[in-house]
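Colleague: please work out how this folds:
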Amino acid sequence: MESVTLPATTIPQRLRGLWPALLVLSVLALLPIGIGSELPLVIAGVAGLVVCCRARAHLRTDPGVRLAAAVFACYWLAALVSVPLAIAPQKTWSTVAGLLRFLPFALFATLALRNVAVWPQIEGAAATIVVLWLLDAWVQIFTGYSIAGPMEAERLAGIFGAGNLKLGPVLAVLSPFVLKAARDQFGARGLIFAIVFMLMPILLAGSRAAWLMYALVVVVFVWQQTRAPLRFAAWLLAAIAVAGAAAWIADRDSPQFAARVQRTLLVLSGSESGIDEASAGRLRIWSTALRMTAAHPIAGVGVRGFRYAYPKFAEPGDAFINPKSDEGAAHAHQLVLEVLSETGVVGLLLWIAGAVAAIRVWRRADVEARARAFAPGLALAVMCFPLNTHFAFYSSWWGLLFWWLLALYIAALMADRGHGA
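Modeller: Now for the predicted structure:
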């Protein structure tokens, strides 16, 4: 990997030490509060702009800055090109403007977290935050209550609360931090314990997208642990048996979980109505997204304009249409269809270019850099896995988590022992 060129003398003394890492980690810690996580993000962004101004003579040749800027450009320009033909221009413009806050935050993380000595603490702190959420979820499993109050009628809500059902997907996406920390500290036994410890909260959170994401994470860790086809198959069979036992317990003790499993099994009926019911109506949303894309192939209907365009392209009688507001489903519930329907082919090509840039740097990185970037990199991979359903990547909340992981990934790859932060 190309070495970092930004001299340590260009980084102000105030940005050296642990406080930049604490500021970045506070974005994650405050994630359940929603808008609360925006405060440390903005503070870090302002600090990032100050550092960039002071080090501007060196930024053009700095690979970390270049990567962060390139990936952000692909993400942001995809939104910008959707503005001229946007169905709801005011909403699209405000979204495009709001997205700008992610770039200075990513630059701050990239420039301020250069010291490799702080990375074990960063990984450990991120894992600890998720473990605290898991403990709260286990308390809710046994008592029905968590710090955020009683559980939702159908799903485990945990620290995020009954009005914000994101526990399952967030735990699944962030699971690489917990599993890696457990494996690094306690070896294979720690990894097995961590896998089991995370399993039940993710199952009872009721998100089938989270189930798939967590399964992918476990498969990657099992392969890393075994590195041999026969051992991999044996570990995988054991993991499937444990997951089956946990699902059986959940099915027996949670009518809500059993109902979701029964709904999922409707996909085996082979009928369009059965598949639509199994996907909680996603089939209708995806069909509508495809019609939007066909009508607006170049630049889409505009970022965050999906709900406003939905009634025009939905089939008659679509239950997702609200006759009072004349709005439909909030987003496409699938990353590729979200990008295509809202930003068109141009947007999709920009997203692909950004992914290629991020993967290229990973492939050129040394072993130590890959080890540092493994947890956020795997989290991003399962978060963006295309054969799944997704939250909206241009929304404030999911977009913030996406960029927190991207900033950490880029910073981990670019950390360098010779440039203390």
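
Colleague: buried set for the helix ranked longest in the chain?
Modeller: What stands out as the longest helix in the chain, according to DSSP state H, is helix 167-204. Neighbour counts over helix 167-204 (16 or more other Cβ atoms under 10 Å) mark 167-183, 191-192, 194-195, 197-204 as buried. (C-beta placed from N, C-alpha, C; glycine too.)

Colleague: what does whichever helix or strand comes after that helix contact?
Modeller: Per DSSP states H and E, helix 167-204 leads on to helix 208-226 as the next helix or strand towards the C-terminus. Residues from elsewhere that reach helix 208-226 (Cβ atoms under 8 Å, 6 or more residues apart in numbering): 168-169, 171-173, 175-176, 179-180, 183, 188, 191, 195, 198-199, 202-203, 232, 234-236, 239, 243, 260, 264, 378, 381-383, 385, 388-390.

Colleague: so which elements touch whatever helix or strand comes next after helix 208-226?
Modeller: Next along the chain after helix 208-226, taking DSSP H and E as the criterion, comes helix 229-253. Judged by 3 or more Cβ pairs under 8 Å, 6 or more residues apart in numbering; DSSP states H and E, helix 229-253 is in contact with helix 167-204, helix 208-226, helix 255-265.

Colleague: now helix 229-253: buried residues?
Modeller: Those would be Phe232, Trp235, Ala239, Ala243, Ala246, Ala247, Ala250, Asp251, for helix 229-253 by 16+ other Cβ under 10 Å.

Colleague: and the residues you listed, which is closest to Tyr308?
Modeller: Proximity of the buried residues of helix 229-253 to Tyr308 (Cβ to Cβ) peaks at Ala250, which lies at 38.3 Å.

Colleague: quick revisit: between the buried residues of helix 229-253, which is closest to Trp397?
Modeller: Using Cβ to Cβ, the buried residues of helix 229-253 come closest to Trp397 at Ala250, 26.8 Å.

Colleague: my read: that closest one touches Ile202, true?
Modeller: No - in this structure, Ala250 is not within contact of Ile202 by Cβ atoms under 8 Å, at 10.4 Å.

Colleague: thinking again about what came up before, as a markdown table, the buried residues of helix 229-253 with pLDDT and distance to Trp398 would be great.
Modeller: Conversion of the buried residues of helix 229-253 to a markdown table gives the following (pLDDT from 0 to 100; distance: Cβ to Cβ, whole Å):
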| residue | pLDDT | distance to Trp398 |
| --- | --- | --- |
| Phe232 | 90 | 32 |
| Trp235 | 90 | 32 |
| Ala239 | 89 | 28 |
| Ala243 | 87 | 26 |
| Ala246 | 84 | 27 |
| Ala247 | 81 | 27 |
| Ala250 | 76 | 26 |
| Asp251 | 72 | 29 |
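
Colleague: after the helix or strand encompassing Gly354, heading C-terminal, what element do we hit next?
Modeller: Using DSSP H and E, Gly354 falls within helix 335-364. Sequence order places helix 367-383 as the next helix or strand after helix 335-364, per DSSP H and E.

Colleague: next one: Trp404 relative to Ala411, how far apart?
Modeller: Counting by Cβ to Cβ, to the nearest Å, the gap from Trp404 to Ala411 is 11 Å.

Colleague: please consider this matter closed, and thank you.
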